[in-house]
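# Just a sequence and a predicted model for now, questions to come.
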Amino acid sequence: MVRHRSQVPGRGSQSGFTLIELIVVVTIIGILASVAVVQVRYATRKALEAALMHDLHEMRKAIDDFYADKQRFPSDLNELVPNYLRKIPLDPITKAADWEQVPNPETPDESSALTDTSGAPQGPGISDVKCPAPGQTLDGRPYSEL
């Protein structure tokens, strides 16, 4: 006896997914993809901000080390190269070495006595460095206040 497909036991009249099931699956995949794209976009910015914080920390440490060795602040960042920094890093936000150099607030007694080991008079020097980039971090702090 020959059986036709419609007579095969245990088989329904149709197999496969319904349109509703496909729409639900595509919607879920779309939501997951949109969340992933947002996370990737912020991950790049977070990495730039982490690099900025690291560069600022290293330059401030180099300024402190310079002061500990010479009992004066460097006149500019280039004075830190090559003994304290290999090179002046580029600002990861602005992509340039355009750091804002904060001068040391000098007191009236120090202004006449600032000399280096060779006896050459020195200015107040820079005691800090800041990022000149406009805008703010992901957590709302201005770049200039880091």
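Alright, I've got the coordinates.

# three-state assignment of Thr94?
Under DSSP: H, G, I helix; E, B strand; the rest coil, Thr94 falls in the coil class.

# cool, Ser127 as well?
With three-state DSSP as the criterion, Ser127 reads strand.

# Near the residue lying closest to it once chain neighbours are set aside, how many other residues are there?
Using C-beta to C-beta, 6 or more residues apart in numbering and skipping residues adjacent in sequence, the residue nearest Ser127 is Asn104, 3.9 Å away. C-beta coordinates here come from the backbone N, C-alpha and C atoms, glycine included. Here the number of neighbours of Asn104 (other C-beta atoms under 10 Å) works out to 18.

# for Thr137, same thing?
18.

# element containing the most centrally placed residue in the chain, please.
In the chain, the residue lying closest to the centroid (C-alpha atoms, centre = their mean) is Glu49, at 1.8 Å. Counting by DSSP states H and E, the secondary-structure element that holds Glu49 is helix 19-70.

# Quick check: next helix or strand after that helix?
Along the chain past helix 19-70, the next helix or strand (assigned with DSSP H and E) turns out to be strand 100-103.

# pLDDT wise, what is Val40 at?
In the predicted model, Val40 carries a pLDDT score of 85.

# which residues does it contact?
Contacts for Val40 (C-beta atoms under 8 Å, 6 or more residues apart in numbering) come out as none.

# Quick check: which ranges of this protein have low pLDDT?
Screening the chain residue by residue with the criterion pLDDT under 70, one finds the ranges 1-14, 106-123.

# Might one say that the residue nearest to Ser127 is in contact with Tyr67?
No. The pair formed by Asn104 and Tyr67 falls short of the contact definition of C-beta atoms under 8 Å, at 9.0 Å.
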